[in-house]
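>>> let me see the structure of the following:
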Amino acid sequence: MRNGDTRVRGLAARAGGWSARHRWAAVGIWVLFVVLAMGLGSAAGRVDVKDSDQLKDETHTAAKIIEDAGIDEPASETVLVQAREAGGKATDADFRAAVAAVMKAVEGTGKVTDVTSPYDTNTISKDGRSALVQFDMRGESDTAGDRVEPVLKAVEGVQKEHESLRIEEIGGASMMKTFDDAFGDDFEKAELSAVPVALGILLIAFGALVAALLPVLLAVSAIMATMGLMGVVSHVMPMSDTANSVMLLVGLAVGVDYCLFYLRREREERQAGRDSQTALRIAAATSGRAIIVSGVTVCVAMAGMLFTGLAEFEAMGLASLMVVAVAMVGSVTVLPALLSLLGERVEKGKIPWLHPESRLRRKRGGTNRESRFWTAVLKAVLARPVVSVVVAAGALLAIAAPALGMKTQNLTLDQEFGDSLPIVQTYNRVNDAFPGGTEPAEVVVKAADINSPEVTGALADFKAKAISSGASRGPVEIKLHDAQNLAFVYVPLVGGSDLDKAGRSLDTLRDEVRPATLGKVDGVQAPITGQVAGSKDFNDQLAGAVIPVFAFVVVFAFVLMLLSFRSLTVAITSILLNLLSVGAAYGILVAVFQHGWGASLVGAEGVGAIITWLPLFLFVILFGLSMDYHVFVVSRIREARLRGRSTKDAIQHGVVTTAGVVTSAAVIMVAVFAIFGTLSMQSMKQMGVGLAAAVLIDATIIRGVLLPAVMALLGERNWYLPKWLHRLPDLTHDEAADAVVAPAARDDEGERVRV
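Below you'll find the model as predicted:
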């Protein structure tokens, strides 16, 4: 038998073996797949989520009524004209002249319609210092941000001519432009930074350019293929820009991780003296299997988002699921083919000053598999496992404690961007002068005859009662669409940008004002929508989805771990440790962004809440991604146990030999996620900090301390499987193949050593 000649079995081993034997075919098929996916996606185009599909409840009903009526609500804009000095009034001559100049300037752009004077609409503040010129943008509201620039410049021109007044524009189009500019710049910055950062870390990890390039190239090709597939799939389940961004983030993380696991094992076996093909077969049977188990687990976790009933979440879940599946398949097929083609050339492009000790060990016939740092840590942990569990678990529970008081809400403009953008200051000034004026509640009234006396009277009563009830201070505006028998009622809510107070005003409108007025007219529909209503309905729907999503992800992850390791103990401890990791990430989020502890370090002062979608999103993403490390480390521990080591020795061997790859993978993930923590948008900042903190905790405290300590305490009970579960499918065969058994125990039959 040749050096290390082996016969391995199992899906990952067979896939790797076929690819290694049919190298050019495997590479060609992968390239063809990527090209076809991109071509089909480009030809099909992408269908995005409609506003009417974003939410259920009243916001969905309102959007559906508007969509069915064929009305494209224009993007409304407002120009605040405000006296800088306390004594200035809207009745002053220069104030009136400024208002007239604003109206003339915006009309002169040819981009607006329905310009109204504050003296006609009574949009003058109670103190008389502020007034609002209102108008609509021409054309579709979805693209109004692209056309608002001339209007903004016209308003700026009037401001220069009236320096004693404050003249500023805000509205749907101008906020859209601001949001798109910030969002686009942020993600461009993140996307441009992520790949170089990952490549730089991989160069340090491998010390060779070719080895470092392989994971990045595979991750990028998986992302490109998935982008094409998203276009095709979007005709069945609509996608979104957010889903695309999340897909890029997840795709880069798992794509690099999976290749890293595979490549490091292949490299390790070559350093142990095996030839390239044998090392590749061993990597396929061990790391390849871990990649499949991890990938399926991540896919299951991502599938949990499909149970939310929220179109945006469903799009994110499906996009993430697809990119993980594509990266997983690429890692166990085209990567072995490329490694087989390259052979020893995978070490080309060595960086001389990196890892000189590794080269010395290879010359001496040794290996570079164990980390001195983690060897020292493991020695202390295994010597006192009880103390280690108590200290580590206690620390994580303390970190997680703030999560018990988590407050979630859709972030307002000032929360999202802070004071970094001028439009935020305008937003605050308009809300101070006209509470709720920048984001009014919108009542969509549908009737058989919108001009009937009953409906007209009910609208008048609603307008009056909205103010008398204390839900609004006015002015309440009504716009009729006679042809469609619709009326839009805009109600500024008391509370303004304070969503808690505005939410109570919304409840008053929905529960008291509407039933007493519009609700008394037969056949009238009057759903209430708007930013505050959308936030409330989103929260309510998300709250109802939490238990089903949590249950689905946890139960299926448990089953997969049970089948993959055939150990009830491993499955249970895996779930508990992952939940502890997620809880700690929640605690850090709440401490920083809600309570403001250390918020200045990440530029998050004054946010005071966690964006609504983040907790569930983080749970799904983290629960999936943390399985990468867990499966990889536990697989190596079980592999060592199958070789005949004691459980304690197997734990130490498994953890220290995987420490390098887990550390490299974690550093890449933390670095990429941390890039998002530097962006200007608080929602992206929260996502980046939450993900980076969780991965850091997971790769250090969980995998380096708690996992080995818990397994040491359990001893042989780690491998416990009740007799009544012995009939479960056996998915453990790859790791037990003779490829991973010590040389003395190998034979040509490939028989397994069982725990």
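>>> CA only for contacts and neighbour counts going forward, please
Noted.
>>> which residues of the stretch 451-600 of the chain score low on pLDDT?
The model of the stretch 451-600 of the chain has pLDDT under 70 over residues 496-497.
>>> show me where it has strands.
477-481, 486-491, 528-529 (DSSP state E, counting those that start in this stretch).
>>> how far away is residue 415 from residue 425?
In this view, residue 415 and residue 425 are 11 Å apart by C-alpha to C-alpha, to the nearest Å.
>>> check residue 704 too.
On the measure of C-alpha to C-alpha, residue 704 and residue 425 end up 47 Å apart.
>>> with neighbour numbers in mind, choose between these two.
residue 704 (22 against 16; other C-alpha atoms under 10 Å).
>>> and the gap between residue 116 and residue 135?
With C-alpha to C-alpha as the criterion, residue 116 and residue 135 are 6 Å apart.
>>> equivalent analysis for residue 654, please.
Residue 654 is 67 Å from residue 135, by C-alpha to C-alpha.
>>> so where do the helices sit in the stretch 401-550 of the chain?
Assigned by DSSP state H, counting those that start in this stretch, the helices in the stretch 401-550 of the chain fall at 413-417, 422-433, 453-468, 499-508, 514-516, 531-565.
>>> mean neighbour count and distance to residue 196 for the strands of the stretch 451-600 of the chain - can I get that in TSV?
Below are these laid out as TSV (neighbours: other C-alpha atoms under 10 Å; distance: least, C-alpha to C-alpha, whole Å):
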stretch	mean neighbour count	distance to residue 196
strand 477-481	13	52
strand 486-491	23	49
strand 528-529	26	44
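>>> dump those into a markdown table; add distance to residue 71 as well.
Shown next, in a markdown table, are those (distance: least, C-alpha to C-alpha, whole Å):
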| stretch | distance to residue 71 |
| --- | --- |
| strand 477-481 | 9 |
| strand 486-491 | 10 |
| strand 528-529 | 16 |
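>>> for residue 410, which of those is the nearest?
When the strands of the stretch 451-600 of the chain are compared by C-alpha to C-alpha, strand 528-529 sits nearest residue 410, at 14.3 Å.
>>> sheet partners, orientation included, of that closest one?
strand 441-446 (antiparallel) (DSSP bridges).
>>> from residue 83, how far off is the residue of the chain positioned farthest from its centre?
Within the chain, residue 93 marks the point farthest from the mean C-alpha position, 52.6 Å out by C-alpha atoms, centre = their mean. Remark: distance between residue 93 and residue 83 (C-alpha to C-alpha) = 12 Å.
>>> likewise residue 285?
Counting by C-alpha to C-alpha - residue 285 and residue 83 are separated by 75 Å.
>>> one more: residue 581?
Residue 581 is 53 Å from residue 83, by C-alpha to C-alpha.
>>> out of those two, which sits in the busier spot?
Ranked by neighbour count (other C-alpha under 10 Å), residue 581 and residue 83 place residue 581 first, with 30 against 22.
>>> close enough to count as contact, that one and residue 697?
Yes - look at residue 581 against residue 697 with C-alpha atoms under 8 Å: they come within range, at 6.7 Å.
>>> my read is that residue 567 contacts residue 725, right?
No - taking C-alpha under 8 Å as the definition, residue 567 is not a contact partner of residue 725, at 9.4 Å.
>>> what about those two, which has more around it?
Using other C-alpha under 10 Å, the more surrounded residue of residue 567 and residue 725 is residue 567, with 19 against 13.
>>> give the contact list for the more buried one.
Residues near residue 567 by C-alpha atoms under 8 Å, 6 or more residues apart in numbering: 561, 718-721.
>>> drop anything exposed from the residues you listed.
Buried residues within the contacts of residue 567, counting neighbours by 16 or more other C-alpha atoms under 10 Å: 561, 718-719, 721.
>>> restricted to helices, list the residues you listed.
Among the buried ones among the contacts of residue 567, the residues falling in helices (DSSP state H) are residue 561.
>>> with distance to residue 606 as added columns, please give the buried ones among the contacts of residue 567 in TSV.
Shown next, in TSV, are these (distance: C-alpha to C-alpha, whole Å):
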residue	distance to residue 606
561	42
718	47
719	49
721	51
